[in-house]
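Peer 1: All I have is the shape, not the residue letters:
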């Protein structure tokens, strides 16, 4: 099966959680919107009136005749097929539950720089962003990190689900990577409290296929258009 | 199977999407935290160190030995068991995708009154709320309503998924019900554009078991503690 991923070509964003799973599994896939000739394919599909099950927003994945949207839903579908999820129902639901918690976390990270509206520039909501980011770094970020640290601890420390690497581990890797980009000062102060999470991040980064991907041009750099953005004034030390 | 639902006892909140499915299906369930003697059961479970797969937050559902959290995940699990979802994989993923889009919508509605932080009072973020709510009602609410109107249209107009009522229809009912409570003026102006969505809301409200539930004491009234809150200053007419 050759998968087709549709996502914005300029950012890691939510699509990156899917890319990491596809890359780590060595799956055959095309990042459609990044092929020069097909930059318009995504919006064309989203705006088509003949699509019976249109996504609300990217990313979406085509797998044969199936079109699947919502990041966590895509990973739920791909997980067992890429050998990055347990097959038993209860464990699959548990992995999905953790992924949905990461989805909530992603939305909160995004809203640190866009607390009023995604349709406004950051500069139009700087004052609100400062308030939101400060509370995020003091309350929410530690709450999410503590939660995943605890899950790792209760599961033996190496992986989040069962006894093999799953797509959720790759997504947690991305949360650390992105948080370090967006909030280097806040993270530097916090990381030592979450040793299992940080160790997992290092183990994921060292996986051969993932390391090759991260060093390649396919891995877009973080920038000021994605979910994780670095603004010094939002990176409080507390 | 007798299900046990754990959620805050004073609000509809996210738990209500699960309650609506259980009630419409006539399922045997206990709303644990609302039983006077067991009000502490939920926090006790969340704080226990011996739970191997702890939820990040309520609602969560116990089904035999399984504990499942994240509203959309609970409904994904319950759907086929309550005969409120298709059984075929592609259609189940599609229903779930729509439910996850509703989950995003719910988070945006919540943030109209809490754009800075859930841990602060509304009164501490009124200014920010006014900005966020105004853009929500002008841009986001119509975008979500238009999307679901379009899905109904492409599927023949009666239900969102396949040809039978699913938990997603019940959730869409709740979005209209809650939006009318929170934003009566904005909704009054908008509703005529989304006739299929509004007609679906009416058909759901008329389903015998759902109607009985809505008229019962089990249905908590909307209030100023839940996801949908009514503040006149956030209900713009535009």
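Peer 2: Arrived safely, thanks for sending. Computed from a predicted model, the values in this text were never measured in an experiment.
Peer 1: What ranges does chain A have for its helices?
Peer 2: A:15-24, A:41-47, A:71-81, A:89-113, A:126-135, A:141-154, A:167-182, A:184-190, A:195-205, A:208-214 (DSSP state H).
Peer 1: how about those helices, which one is nearest residue B:72?
Peer 2: helix A:89-113 (6.7 Å; CB to CB). The C-beta positions use only the backbone N, C-alpha and C, and glycine is treated the same way.
Peer 1: Show me what that closest one packs onto, helices and strands only.
Peer 2: The elements that helix A:89-113 packs onto, with contact taken as 3 or more CB pairs under 8 Å, 6 or more residues apart in numbering or on different chains; DSSP states H and E, are helix A:71-81, helix A:126-135, helix A:141-154, helix A:167-182, strand B:66-69, helix B:71-81, helix B:89-113.
Peer 1: Next, the buried residues of the last one.
Peer 2: Looking back up the chat, that one is helix B:89-113. Of all the residues in helix B:89-113, those buried under the rule 16 or more other CB atoms under 10 Å in any protein chain shown are B:90, B:92-113.
Peer 1: Would you check how far apart the spatially closest residue to residue A:151 that is not a sequence neighbour and chain B are?
Peer 2: Closest residue to residue A:151 apart from its sequence neighbours, by CB to CB, 6 or more residues apart in numbering or on different chains: residue A:160 at 5.6 Å. Per CB to the nearest CB, to the nearest Å, residue A:160 is found 10 Å from chain B.
Peer 1: what about chain A, any weak spots by pLDDT?
Peer 2: Within chain A, the segments meeting pLDDT under 70 span A:237-238.
Peer 1: Name the residue most distant from the centre of it?
Peer 2: Largest separation from the mean C-alpha position in chain A: residue A:50, at 30.0 Å (CA atoms, centre = their mean).
Peer 1: coming back round to it: which one of the helices of chain A lies closest to residue B:134?
Peer 2: helix A:126-135 (13.2 Å).
Peer 1: Please see if that closest one touches chain B.
Peer 2: Yes. Helix A:126-135 is in contact with chain B by CB under 8 Å from any CB of the partner chain, via A:128, A:131-132, A:135.
Peer 1: For the residues you listed, pick the one with the most neighbours.
Peer 2: Neighbour counts for those (other CB atoms under 10 Å in any protein chain shown) peak at residue A:132, which has 26 neighbours.
Peer 1: right, and the helices of chain A - which one's nearest residue A:57?
Peer 2: Closest to residue A:57 of the helices of chain A, according to CB to CB: helix A:41-47, at 8.0 Å.
Peer 1: what helices or strands is the closest one leaning on?
Peer 2: By 3+ CB pairs under 8 Å, 6+ apart, helix A:41-47 packs against strand A:3-6.
Peer 1: is the strand it packs on anywhere near chain B?
Peer 2: No. Residues of strand A:3-6 contacting chain B under CB under 8 Å from any CB: none, with a closest distance of 14.0 Å.
Peer 1: Stretch A:170-189 now?
Peer 2: No. Stretch A:170-189 lies out of reach of chain B by CB under 8 Å from any CB, never closer than 13.3 Å.
Peer 1: Flag every buried residue along that stretch.
Peer 2: Buried-residue list, stretch A:170-189, by 16+ other CB under 10 Å: A:170-183, A:186-187.
Peer 1: Quick one: the helices and strands packed on helix A:89-113 as TSV, columns for distance to residue B:120 too.
Peer 2: Listed next are the helices and strands packed on helix A:89-113 as TSV, based on distance: least, CB to CB, whole Å:
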stretch	distance to residue B:120
helix A:71-81	28
helix A:126-135	7
helix A:141-154	15
helix A:167-182	22
strand B:66-69	25
helix B:71-81	24
helix B:89-113	11
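Peer 1: between these, which one is nearest to residue B:208?
Peer 2: Using CB to CB, the nearest of the helices and strands packed on helix A:89-113 to residue B:208 is helix B:71-81, at 19.8 Å.
Peer 1: Could you tell me which other helices and strands that closest one packs against?
Peer 2: Looks like helix B:71-81 contacts helix A:89-113, helix B:15-24, strand B:60-63, strand B:66-69, helix B:89-113, helix B:167-182 (3+ CB pairs under 8 Å, 6+ apart).
Peer 1: by how many degrees do the second one and helix B:89-113 diverge?
Peer 2: In terms of direction (axes from the mean of the first three to the mean of the last three CA atoms, to 10 degrees), helix B:15-24 departs from helix B:89-113 by 140 degrees.
Peer 1: Give me the residues contacting helix B:15-24.
Peer 2: B:3, B:5, B:7-8, B:12, B:27, B:29, B:31, B:58-59, B:61, B:71, B:74-75, B:78-79, B:82, B:84, B:102, B:165, B:167, B:170-171, B:173-174, B:207, B:209-210, B:213, B:218, B:220 (CB atoms under 8 Å, 6 or more residues apart in numbering or on different chains).
Peer 1: angle of that helix against helix B:208-215?
Peer 2: Using the same axes, to 10 degrees: helix B:15-24 against helix B:208-215 is 130 degrees.
Peer 1: tell me which residues of helix B:15-24 are tucked away?
Peer 2: For helix B:15-24, using 16+ other CB under 10 Å, the buried residues are B:15-24.
Peer 1: with these in mind, which one is nearest to residue A:224?
Peer 2: When these are ranked by distance to residue A:224 (CB to CB), residue B:17 comes first, at 35.6 Å.
Peer 1: Contacts only, for residue A:107.
Peer 2: B:104, B:107.
Peer 1: returning to that earlier point: contacting residues for the residue nearest to residue A:151?
Peer 2: A:95, A:98, A:148, A:151-152, A:166, A:168-169, A:172, A:200.
Peer 1: Having no further points to raise, I will conclude here.
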